[in-house]
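*Asks:* Build me a structure from this.
(one chain, ligands or ions: 2)
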Amino acid sequence: MKIKRYFAPTMREAMRRVREEQGADAVILGSESRDGGIEVVAAVDYDEALLQQAVRREPSRRLSEAPLPPITEDDARSTPTSESRPPAAPAAATDAPPSRRGQLIWAQDPQLKRLQEEMQGVRRMLSETLSQQTEAALRAHPQRARAMRSLEALGIDHELARELAAHVPDGDPAKHRNLPLSLLAKRLKTANPLQLARATRLALVGPTGAGKTTTLAKLAAKAVAEVGARNVALITMDGHRAGAEAQIGVYARLLGVSLRVVRDIKELRAALLACADCSHVFVDTAGLGPNDQRLARLLPELARLGNDPDIALRSLLVLPANVQRDDLISASARFAPARPMAVALTKVDESTRLGPAISALIGCGLPLAWLADGQGVPRDIHRARAGDVVMRAVWHARDARQRESTLERSQESAHA
Ligand SMILES: Nc1nc2c(ncn2[C@@H]2O[C@H](COP(=O)(O)OP(=O)(O)OP(=O)(O)O)[C@@H](O)[C@H]2O)c(=O)[nH]1
Ligand SMILES: [Mg+2]
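*Replies:* Ligands and ions are numbered 1, 2, ... in the order given. As a prediction, this is how the structure comes out:
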């Protein structure tokens, strides 16, 4: 570990010097205001075991020697308070032999916890101040303010709307009228058609009732139209819930394709190998609640089947558009262990505003592959194109506004 002290007139300048000399991996061990400037102690090749060993030698100095997480640009703008300022790590730590035995659990140290909470408070305060400043700057700029309003009217998340509106330049407002929408379309990732076409072994995962089985039937019907029923097979992992097997059984019969029911990942693997002659295989998974341990076990196992070259199973995350952005974000995090290649957004027809779903997709970074807008199989499914999705969001918002004003008018006339 190399420890070095930096003295600069401001924290920002000190951080710049640390980064210049020690690079982005430098860990800030402490900072202190003195002699009209800031002293920062930073280390590279930092080994927590070395530091902990030194701490065990001098228990009374334990907290003060605790390392802080790397400081961000935002933190660098703050001046350390006397309470949140740990002094530098001891030079003795540098020559201690590495050891991990009897490791101190830093996160459980109550004083360190308090320090972390203070740091988070400062960070929150800084980011709020910055966002208020940015907001004020945006509001003072009529075109950006208009852009923000138009994005928020679609249901786009406030932060994202602000970020996009900041790119609207000065000048002729008529020229930039559609710019916010095209900026939004650019941010929305859509699935690569080639990758989608190559994903011929596809498992549909997603929250309960999201539309997995219906979407599977739609995709299978498309495949049947392309390659014929003999080359398409369905597998379901949802054999135990009442009516689940019957539901997919109806689709299999209507499409004239084979259906296998499997109980676990081992049987799924065998079934996929048994379908080697089929060019397209679709796997339906059971709707399991967020706290169901079977879901936690299943998802990484599906991802592992993707690594097996004989199987190459891919996952498609099915998410309903008619729920809140936060629900979609938490669902995408919950299903991340399956490593989904893309998203099928269902129930678009039931969603009054598409902005929350678009914001969630941009937030989670998964590409959008399909839009489903009804129960019709296979009619109500469409390949997602960013421009079309944004235009649909505009129509939905317009319809929602019209419905709201009709409702207001009818309420007014009822009161008259
Ligand atoms: N309006 C509308 N309804 C849909 C859409 N997709 C699915 N549904 C309906 O949503 C309900 C649930 O669909 P399923 O396909 O059974 O959902 P699932 O994810 O398989 O459900 P579980 O297996 O119970 O988790 C059914 O009534 C579907 O007809 C859609 O795009 N629009
Ligand atoms: Mg289902």
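*Asks:* Which single residue of this structure ends up nearest ligand 2?
*Replies:* Residue of the chain nearest ligand 2, by Cβ to the ion: Thr213 (3.4 Å). For every residue, glycine as well, the C-beta is placed using N, CA and C.
*Asks:* what sits against the closest residue to Ala270 other than its chain neighbours?
*Replies:* Leaving aside its sequence neighbours, Ala270 sits nearest to Val262 (Cβ to Cβ, 6 or more residues apart in numbering; 7.7 Å). Shown in contact with Val262 (Cβ atoms under 8 Å, 6 or more residues apart in numbering): 235-237, 239, 268, 270-271.
*Asks:* swap the cut-off to 6 Å and go again
*Replies:* By Cβ atoms under 6 Å, 6 or more residues apart in numbering, the contact set of Val262 is 235, 237, 268, 271.
*Asks:* What is the burial count for the residue of the stretch 151-300 of the chain found nearest ligand 1?
*Replies:* At 1.8 Å from ligand 1, Gly287 is the closest residue in the stretch 151-300 of the chain, using Cβ to the nearest ligand atom. A total of 19 residues lie near Gly287 under the criterion other Cβ atoms under 10 Å.
*Asks:* Mind checking what secondary structure the residue nearest to it when sequence neighbours are not counted has?
*Replies:* Using Cβ to Cβ, 6+ apart and skipping residues adjacent in sequence, the residue nearest Gly287 is Thr208, 3.4 Å away. In three-state terms, and counting by DSSP: H, G, I helix; E, B strand; the rest coil, Thr208 is coil.
*Asks:* Next: Ala161.
*Replies:* Secondary structure for Ala161, judged by three-state DSSP, is helix.
*Asks:* ok, it touching Ser150?
*Replies:* No - between Ala161 and Ser150 there is no contact under Cβ atoms under 6 Å: 8.6 Å.
*Asks:* So those two - more neighbours on which side?
*Replies:* Between Ala161 and Ser150, counted using other Cβ under 10 Å, the more crowded position is Ala161 (24 against 19).
*Asks:* For the more buried one, which non-adjacent residue is closest in space?
*Replies:* Nearest residue to Ala161, sequence neighbours excluded (Cβ to Cβ, 6+ apart): Leu151, at 3.8 Å.
*Asks:* cool, and Leu366?
*Replies:* Leu366's closest residue in space is Val343 (Cβ to Cβ, 6+ apart), at 5.0 Å.
*Asks:* Next, count neighbours for the one you found.
*Replies:* Neighbours of Val343 under the rule other Cβ under 10 Å: 29.
*Asks:* can you give me phi and psi for it?
*Replies:* The phi/psi pair for Val343 (degrees, to the nearest 10) reads phi -120, psi 140.
*Asks:* what's the spacing between Leu299 and Asp292?
*Replies:* Distance, Leu299 to Asp292, using Cβ to Cβ, to the nearest Å: 11 Å.
*Asks:* For these two, indicate the residue with more neighbours.
*Replies:* A direct count of neighbours by other Cβ under 10 Å for Leu299 and Asp292 places Leu299 higher, at 22 against 13.
*Asks:* which residues touch the more buried one?
*Replies:* 337-338.
*Asks:* so which helix or strand takes in it?
*Replies:* Using DSSP states H and E, Leu299 maps to helix 293-307.
*Asks:* in that helix, what's buried?
*Replies:* Within helix 293-307, the residues that qualify as buried are 295, 298-299, 302-303, 305-306, counting by 16 or more other Cβ atoms under 10 Å.
*Asks:* repeat for stretch 389-405
*Replies:* For stretch 389-405, burial by neighbour count (16+ other Cβ under 10 Å) applies to 389-390, 392-394, 396-397, 400.
*Asks:* a markdown table for these, including secondary structure, distance to Lys218 and pLDDT?
*Replies:* Output for those, formatted as a markdown table (DSSP: H, G, I helix; E, B strand; the rest coil; distance: Cβ to Cβ, whole Å; pLDDT from 0 to 100):
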| residue | secondary structure | distance to Lys218 | pLDDT |
| --- | --- | --- | --- |
| Val389 | helix | 18 | 96 |
| Val390 | helix | 23 | 96 |
| Arg392 | helix | 18 | 96 |
| Ala393 | helix | 22 | 96 |
| Val394 | helix | 25 | 95 |
| His396 | helix | 21 | 94 |
| Ala397 | helix | 26 | 93 |
| Ala400 | helix | 26 | 88 |
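*Asks:* export those residues to a markdown table and tack on distance to ligand 2?
*Replies:* Below are those laid out as a markdown table (distance: Cβ to the ion, whole Å):
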| residue | distance to ligand 2 |
| --- | --- |
| Val389 | 25 |
| Val390 | 30 |
| Arg392 | 25 |
| Ala393 | 27 |
| Val394 | 32 |
| His396 | 26 |
| Ala397 | 31 |
| Ala400 | 29 |
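*Asks:* Which ones, among the residues you listed, also lie beside ligand 1?
*Replies:* Near ligand 1, judged by Cβ under 6 Å from any ligand atom, there are no entries from those.
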